[in-house]
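Engineer: Dropping the sequence and predicted coords here.
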Amino acid sequence: MRVSNEWKDYVCIDAGNGEKLEKWGDIVLRRPDPQAIWKTEKDAKWNHVDGRYYRSHKGGGEWKFYRKLPEYWVIHYKDLSFKVTPTNFKHTGLFPEQATNWDYMIQKIKDAKRPIKVLNLFAYTGGATIACSYAGAEEVVHVDAAKGMVQWAKENAKLSGLEDHHIRYIVDDCLKFVEREARRGREYDVIIMDPPSYGRGPNGEVWKFEDNIYVLIEACMKILSDKPLFVLINSYTTGISSTVLENILKTTILKKYPEGIIDTGEVGLPIETNHLVLPCGIYGRYESKD
């Protein structure tokens, strides 16, 4: 388990009974979490919140706010800055558990001592994009099918002072983009992906994790450079274990680049109240030994 425990602006206050209680800057939010199935005492702090997300029996849900919140606010992780706002689908535009991966990316790119080109697929609001650009990547290509998320990523880059860095933003279906890059002969030293369980591309392309992930990774192998620095896959898909990612990486990238190593596991957040860890997803990564 890799735990993101170096936050100053974010705290997972408590979790249990299918919910989590979080502090984002000075704003406290309460929202569902399917992993938090253990029991916790719902004491007074659970009722002193600024906003709560209620699930609907018909699917989806909605926020209820107990004071007027700003349209968005900014939180910081070390030297990185992010715009946060509650969205219609429960999320806030940022996955704080990914901070441990941002730290890894930054260190690997800084230690590489060579120009590094990065491709970030299903790049959402750009946490990994910003981390890699901040670390000094020569180029970061940010790809997501949702135009609104790409715009949000641009705003995050500006908040982090990276608007003049070489970041290319692409609104596209990730697999189609990778296949076109292969035809163009482009190569990347780092590939990062955070594929959803299910999604649609800008032209209605259907993505289903278990049906498409292997195809995508095989396509990505055609655009990896001769000296890949690392490949990182994140997943929040229920029923997919880190061993699945390990097996996929071993039968694809490690087979082609046998000098590297595979590392897989969970990412999580420390829970302030009881010192437990909230599991938040899995990762699998291939990295070069040098």
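Structural biologist: Looks like it came in fine. Numbering: from 1, shown residues only.

Engineer: mind listing what the residue of the chain most remote from its centre touches?
Structural biologist: Distance from the C-alpha centroid of the chain, by Cα atoms, centre = their mean, peaks at residue 44 (31.8 Å). If you count contacts by Cβ atoms under 8 Å, 6 or more residues apart in numbering, residue 44 has none. Heads up, the C-betas are built off the backbone N, CA and C, glycines and all.

Engineer: Phi and psi next, for it.
Structural biologist: phi -60, psi -30 (degrees, to the nearest 10).

Engineer: From residue 14, how far out is it?
Structural biologist: 11 Å (Cβ to Cβ, to the nearest Å).

Engineer: sorry, back to before: how near is the residue farthest from the centre of the chain to residue 280?
Structural biologist: Where residue 280 is concerned, residue 44 sits at a distance of 26 Å (Cβ to Cβ).

Engineer: Equivalent analysis for residue 234, please.
Structural biologist: Going from residue 234 to residue 280 by Cβ to Cβ gives 10 Å.

Engineer: Which neighbours do these two have in common?
Structural biologist: The contact lists of residue 234 and residue 280 share residue 267, where a contact means Cβ under 8 Å, 6+ apart.

Engineer: Residue 154 looks like it's in a helix, true?
Structural biologist: Yes. Counting by DSSP: H, G, I helix; E, B strand; the rest coil, residue 154 is found in a helix.

Engineer: What sits closest to it if chain neighbours are left out?
Structural biologist: residue 169 (6.2 Å; Cβ to Cβ, 6 or more residues apart in numbering).

Engineer: Residue 10 too?
Structural biologist: Computed as Cβ to Cβ, 6+ apart, the closest residue to residue 10 that is not its neighbour in sequence is residue 96, at 4.7 Å.

Engineer: The one you found: neighbour count?
Structural biologist: When neighbours are defined as other Cβ atoms under 10 Å, residue 96 has 23 of them.

Engineer: try the one 4 residues further on
Structural biologist: Applying other Cβ under 10 Å, we find 18 other residues in the vicinity of residue 100.

Engineer: which secondary structure elements does the strand or helix carrying it contact?
Structural biologist: Using DSSP states H and E, residue 100 maps to helix 99-112. The contact analysis (3 or more Cβ pairs under 8 Å, 6 or more residues apart in numbering; DSSP states H and E) places helix 99-112 against strand 2-3, helix 127-135, strand 190-193, strand 230-235, strand 277-287.

Engineer: for residue 206, phi and psi?
Structural biologist: Main-chain dihedrals, residue 206, degrees, to the nearest 10: phi -90, psi 130.

Engineer: Can you give me the distance of it to residue 192?
Structural biologist: Where residue 192 is concerned, residue 206 sits at a distance of 22 Å (Cβ to Cβ).

Engineer: so where do the helices sit in the protein?
Structural biologist: All helices of the chain, identified by DSSP state H, fall at 99-112, 127-135, 147-159, 174-184, 209-221, 242-251, 253-256.

Engineer: Quick one: closest of those helices to residue 227.
Structural biologist: helix 99-112 (9.3 Å; Cβ to Cβ).

Engineer: Going by neighbour count, list what's buried in the closest one.
Structural biologist: Counting neighbours by 16 or more other Cβ atoms under 10 Å, one finds that the buried residues in helix 99-112 are 99-106, 108-109, 112.

Engineer: Could you do stretch 14-34 as well?
Structural biologist: Judged by neighbour count using 16+ other Cβ under 10 Å, the buried positions of stretch 14-34 are 14-17, 19-24, 27-31, 33.

Engineer: and which of the residues you listed is nearest residue 91?
Structural biologist: residue 31 (8.6 Å).

Engineer: May I have the beta-bridge partners of that closest one?
Structural biologist: Beta-bridge partners for residue 31, by DSSP bridges, are residue 20.

Engineer: I figured it was touching residue 18, is that so?
Structural biologist: No. Shown here, residue 31 and residue 18 do not form a contact pair, counting by Cβ atoms under 8 Å, at 10.2 Å.
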